[in-house]
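**Student:** Return atomic coordinates for the entry below.
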Amino acid sequence: MRIVGLYVFSLLMINFASATNRDSLALSSRVDADLNTSEENLEAEELYSDELIEFEANIIPVDENLFNFHVSSLEHVIPMEYNSYVKAQIDFFGTRWQYKLKDVITRSKYYFPIYEKIFDKNEVPLELKYLSVIESALNPYAVSRSGAVGPWQFMPATGRLFDLDQNYVVDERRSIEKSTQAAAEYLKSMYAMFGDWYVAIASYNCGPGNVRKAIRYSGRKDFWGMYRYLPRETQNYVPKFIAMAYMMNFYSEFGITASPPVDSQQVYHSVYCTNDMSFKVISDIIGVEEKTLLAYNPELKHAVIPTKGTGYWLNIPENKVSLFYQSEADIIAKTKEENLAAKEREAAEPKVLYHTVRKGECLPIIARKYGCSVSDLKKWNRIKGSLIYPNQKLAIYRS
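**Tutor:** Numbering: from 1, shown residues only. You can find the predicted model right below:
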């Protein structure tokens, strides 16, 4: 574990002072890689390490001048303001939260290009992607105590408001693409309502009702003007956003590195599955384990292709796409075989009915009613004597 203290801070400030006096100096920044940059180049440029950097007094060596110097090199629509609230969050993310920050940096190589493509299409600032880090640490399976789910932490009602299906088979709040599209629409609507990105971000945390209340009590329409009248969590939310945007761009300036990837980058492609395709058959034919295939499709709760009349777009590893399309006929034929075999097994298995005992009924009466013997009833329900009682449920097996 290395220590960055006052000495390094002094060096940083000296370098900053000299840099500002040389107009020709190229600004050093950690701007997000261009989407056209290959994955190989990204991995070659990025340094990976499990090592945590220890900072003296848990303070990141940055002040307002260095902060402004860094962010001046970024293209951003949302203001990047520095104050004591932001500085406190920078210190937190860079020290006590550093082990998670390192993991998030690694995950962002996969998630952020998806976010940026969707945000660009919806004409919202790309830097809003950092909200997902605050919400879930880029974890599609994240669940809050209040029931919010997914990388953008949608509550059930809000998810349904933005057409995110939630049922026994899927929870689209966990979908990277679909939940990000919903987040873009929500944030865009909040900006249209309040005309300020800080306030739109605040409303993502506490809802537009609490924001309107803060506007009414404060008489102000800007975030810092209504700050004291917002819920405590929301007061910290915008400073967290600014701090996270800063640290995700400039972590390497303080010696912090990304965690080594646990496995290869999840590069996938969506393939169209008809309703007569089985998840298990697809898994077997393309040679990807079911649990791995589920990881590419976090919205799926079970290893089942959702049965919709319009079919389903399934994410599979990019290097398996050709094999999938070459094997479509085999997948459909094999699925039919398995479905037929399942029906035959089901037909061969005895059907189970349940009889609720009524007052005055006895085993012989029930046996006559269902055309079975008393001994069958006893065997099926593990009854040793002849005593049964009202409201007792008895299993009746029919072949």
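**Student:** from here on, contacts and neighbour counts on C-alpha atoms
**Tutor:** Noted.
**Student:** Which residue ranges make up each domain of the protein?
**Tutor:** 2-254, 268-348, 351-398 (automatic domain parsing).
**Student:** and the end-to-end length of the last one?
**Tutor:** Right, the one you point to is domain 351-398. 5 Å (C-alpha to C-alpha, to the nearest Å).
**Student:** centre of the chain versus that domain, how much separation?
**Tutor:** In terms of C-alpha atoms, centre = their mean, to the nearest Å, the centre of domain 351-398 is set 50 Å apart from its chain centre.
**Student:** And stretch 267-274, by the same measure?
**Tutor:** 19 Å.
**Student:** buried sites along that stretch?
**Tutor:** Neighbour-count burial for stretch 267-274 flags 268, 271, 273-274 (criterion: 16 or more other C-alpha atoms under 10 Å).
**Student:** what's the answer for stretch 369-383, then?
**Tutor:** 374-375, 377-378.
**Student:** ok, those residues vs residue 169, which is closest?
**Tutor:** residue 377 (36.4 Å; C-alpha to C-alpha).
**Student:** and the closest one, what element?
**Tutor:** helix 374-381 (DSSP states H and E).
**Student:** try residue 316
**Tutor:** Per DSSP H and E: strand 312-317 holds residue 316.
**Student:** what's the answer for residue 160, then?
**Tutor:** helix 156-161.
**Student:** How far does that helix sit from its chain's centre?
**Tutor:** With C-alpha atoms, centre = their mean, you get 16 Å for helix 156-161.
**Student:** I'd like the mean pLDDT over that helix, please.
**Tutor:** Per-residue pLDDT over helix 156-161 has a mean of 96.
**Student:** Now do it: everything it contacts.
**Tutor:** 147-148, 165-166, 173, 182 (C-alpha atoms under 8 Å, 6 or more residues apart in numbering).
**Student:** List just the nearest of these to residue 261.
**Tutor:** Among those, and counting by C-alpha to C-alpha, the member closest to residue 261 is residue 173, at 24.7 Å.
**Student:** That closest one looks like it's in a strand, true?
**Tutor:** No. Counting by DSSP: H, G, I helix; E, B strand; the rest coil, residue 173 is not part of a strand but helix.
**Student:** okay, now it: neighbour count?
**Tutor:** For residue 173, the neighbour count with other C-alpha atoms under 10 Å is 32.
**Student:** I figured it hits residue 163, correct?
**Tutor:** No. Residue 173 lies out of contact with residue 163 (C-alpha atoms under 8 Å); the separation is 9.6 Å.
**Student:** All the strands of the stretch 151-300 of the chain, in order from the start?
**Tutor:** With strands called from DSSP state E, counting those that start in this stretch, the stretch 151-300 of the chain shows them at 268-273.
**Student:** Tell me the buried residues in stretch 379-399?
**Tutor:** In stretch 379-399, counting by 16+ other C-alpha under 10 Å, buried: 388, 394-397.
**Student:** Just give me how far that stretch sits from the chain centre.
**Tutor:** 48 Å.
**Student:** quick revisit: any idea which of the contacts of helix 156-161 is closest to residue 207?
**Tutor:** residue 148 (13.6 Å).
**Student:** got a list of what that closest one touches?
**Tutor:** Applying C-alpha under 8 Å, 6+ apart, the residues contacting residue 148 are 154-156.
**Student:** Phi, psi for the closest residue to residue 171 other than its chain neighbours please.
**Tutor:** Once flanking residues are discounted, residue 171 sits nearest to residue 299: 5.0 Å by C-alpha to C-alpha, 6 or more residues apart in numbering. Per-residue torsions, residue 299: phi -70, psi -20 (degrees, to the nearest 10).
**Student:** about what we covered before: what's the strand holding residue 316 packed up against?
**Tutor:** strand 268-273 (3 or more C-alpha pairs under 8 Å, 6 or more residues apart in numbering; DSSP states H and E).
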